[in-house]
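J.: Okay, sequence plus prediction incoming.
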Amino acid sequence: MNTFLRCLIALVLMLAMMLNTTPVHAEDGYDLWLRYRLLAPEQAGLYRGHLSQLVAGSGTPTQAVTRGELQRGLAGLLGHEMPLSDTVTRDGAIIVGTPKSSALIEHLSLNTQDLGNEGYLIRNVVVNGHTATVIAGREDIGAMYGAFHFLRLLQTGQPLDHLDLRESPHVKLRLLNHWDYLNGQVERGYAGTSIWDWWKLPDWRAPRYTDYARANASIGINGTVLNNVNAGATILTPEYLQKVAALADVFRPYGIRVYLSIRFSAPVEIGGLKTADLLDPQVQAWWRAKADEIYKRIPDFGGFLVKANSEGQPGPEDYHRTHAEGANMLADALAPHGGVVMWRAFVYSQANPDDRAKQAYTEFKPLDGRFRANVLVQVKNGPVDFQPREPFHPLFGAMPKTPLMMEFEITKEYLGFATHLVYLGPLYEEVLSADTMAHGKGSTVAKVIDGSLDDHTLTGMAGVANIGTDRNWCGSDFNQANWYVFGRLAWNPSLSSRAIAEEWVRMTFTNNEAFVKPVVDMMMGSREAAVDYMTPLGLLHLMGPGHHYGPAPWDASESRADWRPVYYHRADHQGIGFDRSRAGSDAVDQYAPLLAVQFNDVKQTPEQFLLYFHHVPWDYRMRSGNTLWYELVAHYTRGADDVKRMLETWRHLDGYIDKERYNQVATFLAIQEKEAQWWRDACIAYFQSISGLPLPPGYVPPQHSLQYYQSLSFPYVPGFSSW
Ligand code: BDP
């Protein structure tokens, strides 16, 4: 190479590095946490001698995507292509594969047997006298997960010396649930329309499907339910199954299986039968034949998700059969193919006058032990709905003979939609680390979910997706963190949400500590801020009717009592809160005895759940010594103030990242600031009208009258129409 050419290359490289340190990339969020931008020179320096060549096969589709991802990632991070080699010829090789796929790995005699189907190890080794890093699984999928982990180490600036990692997922089914309709609408979706272009499938397989699979695989998600739990029957028609099969083909190399939400009455609607009663042999035969048909097209089909006899959906109770009987009939149809049924416990009925929070437990607890081995009961994290804060669902720990699957909501239906910055890691962690006391102290929800508490091997965690056609997938950059943290916690429910936030910030934005630290702190406080400005001290469901946008604690317009905010807060001249003590609805006794005693006693109830379990006088003395009324106003105010501080924090971070994402976050935080103030003011105005009490000294009165807040209406709220 002549000198001129060398100088030119050096110049180009220098320029590229400068560009990396001064963050000027035009970014639109599409790349999520898989950005693979050039590492800063000091980080690249860390890896000198570690990354010289890639030894990776491509004999199977999974091996090919694994190798492709490593090539793509390393090229992006290091700024040059990584040479591929069949064997190790110099120090710093990366070897990827399984003992079956790679003779090199076989010769290393690593213990891959205990890794399971999806586990991996990453270790520094010596091969042919050269230092190398091996990423090995027992199966291809494990090696793929290992490759993503390895890239994450680089993306987050971790050293590559002394690597000796072993990882296997703690939960078997790690699923996204898409609440997508076949017409493209996404129920409770705030990121555009459905990414499934059903109309053009099966022929057009949008590249986005592959990127979706990559993103999910990178965080360990291994399944996806493509359609809404409020399901129509059409998805089970041959025409649509062909489309589903096309998606399954795209996802397969990434270890992702497809599942479908089914409509219990489908045998009537598309099968031409007169009934959907599970005891009818024709109905049973129809489901068996349908399962056979599905597996013919999609041999690794995952199974069915079912919302039955809930919010107007058909189900076995229409024929006076139990939920267990309904689930078992479907389970029998899927069992020969290895499929599962995920039967939702989100069941409550308008006809039932009992406290809505109690109904799922009342219905399902007696069914424990009555489900087939391939049924999981999918339970929302809290007993009411996906509120900013609820105690954990009392079914966790109460059905030892049944695998219970966690259902979290990733989309922020009750948490400010796309624009509010609310990192859900702390919410998930709070629920997973809650102690059910089912078998004494330490019986955490996480142990119920990972099966260790009651010895289940069939385990699962589902998250209602926040994904749509928006270029940034999730409606905002920070909402991507909620997809990310869900996947990481589904892999290991004991991880810390702070550690995950830090990983995500580093991968998504920058490794610059001056940015990482304040942003992680801001994320970690964001959920508590939202609880404070929306529903503090155990309040819940104060959102606008139907669409769930904004505050409407006064609302009683919904057709069903248990959809009305006034049903939940029960504020009157004396006090506020839902009495779920033994003197009230006795929901407390759905918890283990020690917890029931605690929750039953207003003095022992954690104050964050106070108004969930008790109706408390306005002048009740809180632990702070202040009255409840005082604390309520203080919490609302603190929440709104916290958002102001978040915006200030962000304003100090201008210049650390690209302008595009910086500006959008700043604008969204300004929207959140406005809406948090609105929440605070509207709720204080309303509760003051009921309590009749003056504002505590020093607290600013609401900006507008209660009538003003009550007069606001929002006809075109996203994520909701008359379904
Ligand atoms: C509620 C949502 C509704 C869902 C329902 C469910 O508002 O759109 O259909 O949950 O989970 O929170 O089935």
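T.: Received, thanks.
J.: Could you chop the protein up by domain?
T.: 33-167, 173-508, 532-578+615-711 (automatic domain parsing).
J.: of the ones you listed, which approaches the ligand most closely?
T.: domain 173-508 (4.4 Å; CB to the nearest ligand atom). C-betas here are computed from N, CA, C, even on glycine.
J.: what's the offset of the closest one from the middle of its chain?
T.: Distance of domain 173-508 from its chain centroid, counting by CA atoms, centre = their mean, to the nearest Å, is 11 Å.
J.: Would you tell me which one of the domains of the chain is buried the most?
T.: Comparing the domains of the chain by mean neighbour count (mean count of other CB atoms under 10 Å), domain 173-508 comes out on top with a mean of 21.
J.: quick one: terminal-to-terminal distance for that one?
T.: Using CA to CA, to the nearest Å, the span of domain 173-508 from its first residue to its last is 26 Å.
J.: pLDDT of that domain, averaged?
T.: Averaging pLDDT along domain 173-508 gives 98.
J.: Also stretch 83-97?
T.: 97.
J.: Would you mind writing the CA trace of it as CSV?
T.: Extracted in CSV, the C-alpha atoms of stretch 83-97 (Å, rounded to 0.1, in the frame of the first residue of the first chain):
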residue,chain,number,x,y,z
PRO,A,83,-12.1,-11.7,9.4
LEU,A,84,-13.9,-15.1,9.3
SER,A,85,-11.8,-18.2,9.8
ASP,A,86,-12.3,-22.0,9.9
THR,A,87,-9.9,-22.3,12.7
VAL,A,88,-7.9,-20.3,15.3
THR,A,89,-4.7,-18.9,13.7
ARG,A,90,-3.9,-16.0,16.0
ASP,A,91,-4.6,-14.6,19.5
GLY,A,92,-8.0,-13.1,20.1
ALA,A,93,-10.3,-15.4,18.1
ILE,A,94,-14.0,-15.6,18.9
ILE,A,95,-15.3,-19.1,18.5
VAL,A,96,-19.1,-19.6,18.4
GLY,A,97,-21.1,-22.8,18.2
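J.: Please enumerate residues in contact with that stretch?
T.: Here stretch 83-97 makes contact (CB atoms under 8 Å, 6 or more residues apart in numbering) with 49-57, 63, 66-67, 70-71, 82, 102, 104-105, 125, 127-128, 130-137, 140, 143, 146-147, 150.
J.: where along the stretch 451-600 of the chain do the strands fall?
T.: Assigned by DSSP state E, counting those that start in this stretch, the stretch 451-600 of the chain shows strands spanning 460-464, 575-576.
J.: which helices and strands does the shortest one pack with?
T.: Okay, so that is strand 575-576. Secondary-structure packing of strand 575-576 (3 or more CB pairs under 8 Å, 6 or more residues apart in numbering; DSSP states H and E): strand 616-617, helix 628-651, helix 659-691.
J.: cool, and the first one?
T.: Of the remaining helices and strands, those touching strand 460-464 by 3+ CB pairs under 8 Å, 6+ apart are strand 173-177, strand 375-380, strand 404-409, helix 480-491.
J.: CSV please, covering these and showing distance to the ligand.
T.: CSV is the format used below for the helices and strands packed on strand 460-464 (distance: least, CB to the nearest ligand atom, whole Å):
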stretch, distance to the ligand
strand 173-177, 9
strand 375-380, 7
strand 404-409, 7
helix 480-491, 16
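J.: any chance of the ones you listed in JSON lines, with distance to T469 too?
T.: Converted to JSON lines, these look like this (distance: least, CB to CB, whole Å):
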{"stretch": "strand 173-177", "distance to T469": "16"}
{"stretch": "strand 375-380", "distance to T469": "26"}
{"stretch": "strand 404-409", "distance to T469": "20"}
{"stretch": "helix 480-491", "distance to T469": "15"}
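J.: of those, which approaches K274 most closely?
T.: Proximity to K274 (CB to CB) singles out strand 375-380 among these, at 26.6 Å.
J.: Quick one: residues in contact with the closest one.
T.: With CB under 8 Å, 6+ apart, strand 375-380 has contacts from 173, 305, 327-328, 331, 340-346, 360, 364, 371, 386, 393, 395-396, 399, 402-409, 458-460, 462.
J.: What of stretch 316-335?
T.: The contact list for stretch 316-335 (CB under 8 Å, 6+ apart) reads 262, 264-265, 275-279, 283-284, 287-288, 290-291, 303-304, 306, 308-309, 315, 340-341, 343, 347, 363-364, 367, 370-375, 377.
J.: So which residues on the chain come close to the ligand?
T.: For the chain, the residues in contact with the ligand (CB under 6 Å from any ligand atom) are E187, R188, V229, N230, K307, E311, F346, D385, F386, E413.
J.: OK, contacts around the third one?
T.: In other words, V229. V229 makes contacts with N177, W179, S261, L305, V306, K307, Q313, R344, as judged by CB under 8 Å, 6+ apart.
J.: and if we set it to 6 Å?
T.: With contacts taken as CB atoms under 6 Å, 6 or more residues apart in numbering, V229 has the following neighbours: S261, K307.
J.: Helix, strand, or coil at it?
T.: Applying DSSP: H, G, I helix; E, B strand; the rest coil to V229 yields a three-state assignment of coil.
J.: what separates the residue nearest to R471 when sequence neighbours are not counted from the ligand, distance-wise?
T.: Distances taken as CB to CB, 6 or more residues apart in numbering put D28 closest to R471, at 4.8 Å, once the chain neighbours are dropped. Applying CB to the nearest ligand atom, to the nearest Å, the value for D28 to the ligand is 29 Å.
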